[in-house]
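Enquirer: Provided below for reference: sequence and predicted model.
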Amino acid sequence: MDQQPLVSVIVPVWNAERTLDRALTSVLSQSYSSLQVIVVDDGSSDCTLSIARDYEARDPRVTVVAQENTGVSSARNRAIPLCRGKYIRFIDGDDTLPPDSMEKMVARAEQDGADLVLGGYTEYVGTLSRRKNLEDREDTLTNEELLKLLCPHSNSYFYGVLWNKLYLRSLVESGSVRFMAGVNWGEDFAFNMDYLRHVQKAAFLRDSLYDYRRQPDSMTLRQVLDSVRHPFRNIRMKVMLYTHLKNLYLARGQYPRYRGRLWMYLFRVGLS
């Protein structure tokens, strides 16, 4: 690629001193070098901020923002207005990227004029690993085709996360797509549903483009425990997330076609 479009990488962190060095090294050593890396420290009480500041001092592509502990949604929202790239990507501070991850995603977006790129990923649990993608897909879909695919699989982990995706910044901004603050889970899914309202084409890659490392104290586990401890709060959250899903189909004129099946999301969310 002669002139590489800039990619803004948002990395929200909280008490990530054990993993942040590994995460940032994997981002900054990408084969694709046209990056703006925004690290938002969400009120860490360990050495996370000093580690991030060290990277900022050594690499001009890195910008560090420090804020009081107000949550991951707030941290991501803080970073979005600072983004200058054509594309935005979200990375968690305890995960890593394969060396050619960014290059492959940007190349596909540019080649197909895609507003969203969705890649496969590798899940690590201790010494075990498992590669995952969506039905081994390597195609580009219109929004209507994507909504047909989404309907029966709306509870899929694949749709509910940010980090295996490349977003077009102009759509994030023109659609005023932001994260919901003050919620315990589901903010990634809501963001994706709101973003999809503006997508015309989405491209899939079967390659593993993210290393997702499950931790014993992971957010996913905390979400499961929270749903057991607070069932009524969990139900209210499901209903709210369903509203984002429903509004996506309404905005695209597809709700009458899928209304008979779409509500099953209320029972499926969080099960896969």
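Expert: It's in.
Enquirer: Any stretches of the chain with poor pLDDT?
Expert: Applying pLDDT under 70 to the chain picks out residues 1-2, 215-232, 268-272.
Enquirer: Run through the strands of it in chain order.
Expert: Counting by DSSP state E, one finds strands in the chain at the ranges 7-13, 35-42, 62-67, 87-90, 116-125, 128-132, 140-142, 165-168, 201-214.
Enquirer: Next, work out how far apart residue 243 and residue 5 are.
Expert: Distance, residue 243 to residue 5, by Cβ to Cβ, to the nearest Å: 34 Å. Placement of C-beta: from N, CA and C, glycine included.
Enquirer: thinking again about what came up before, dump the strands of the chain into TSV; add mean neighbour count and distance to residue 191 as well.
Expert: Listed next are those as TSV, based on neighbours: other Cβ atoms under 10 Å; distance: least, Cβ to Cβ, whole Å:
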stretch	mean neighbour count	distance to residue 191
strand 7-13	25	12
strand 35-42	24	16
strand 62-67	17	19
strand 87-90	25	9
strand 116-125	21	12
strand 128-132	11	20
strand 140-142	17	20
strand 165-168	24	9
strand 201-214	20	15
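Enquirer: Now render those strands as TSV, adding distance to residue 151.
Expert: Listed next are these as TSV, based on distance: least, Cβ to Cβ, whole Å:
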stretch	distance to residue 151
strand 7-13	29
strand 35-42	34
strand 62-67	38
strand 87-90	24
strand 116-125	16
strand 128-132	20
strand 140-142	13
strand 165-168	19
strand 201-214	14
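Enquirer: Which of those strands sits closest to residue 261?
Expert: strand 140-142 (18.5 Å; Cβ to Cβ).
Enquirer: Quick one: list the elements packing against that closest one.
Expert: Secondary-structure packing of strand 140-142 (3 or more Cβ pairs under 8 Å, 6 or more residues apart in numbering; DSSP states H and E): strand 201-214.
Enquirer: From residue 34, how far off is the residue lying closest to residue 33 once chain neighbours are set aside?
Expert: Leaving aside its chain neighbours, residue 33 sits nearest to residue 4 (7.1 Å; criterion: Cβ to Cβ, 6 or more residues apart in numbering). Using Cβ to Cβ, residue 4 is found at 4 Å from residue 34.
Enquirer: anything in contact with each of these two?
Expert: Residues touching both residue 4 and residue 34 by Cβ atoms under 8 Å, 6 or more residues apart in numbering: none at all.
Enquirer: From residue 68, how far off is residue 49?
Expert: Residue 49 sits 12 Å away from residue 68, going by Cβ to Cβ.
Enquirer: what about those two, which has more around it?
Expert: Neighbours were counted for residue 49 and for residue 68 using other Cβ atoms under 10 Å; residue 49 has more, 20 against 8.
Enquirer: for that one, what are its contacts?
Expert: Going by Cβ under 8 Å, 6+ apart, residue 49 touches 41, 64, 66.
Enquirer: Need the single longest helix in the protein, by residues.
Expert: Taking DSSP state H as the criterion, the chain has its longest helix at helix 231-251.
Enquirer: who touches that helix?
Expert: In contact with helix 231-251 (Cβ under 8 Å, 6+ apart) are residues 147, 154, 183-186, 189-190, 193-194, 196-197, 226-227, 255, 258-259, 262-263, 265-266, 269-270.
Enquirer: buried sites along it?
Expert: For helix 231-251, burial by neighbour count (16 or more other Cβ atoms under 10 Å) applies to 234, 237-238, 241-242, 244-246, 248-249.
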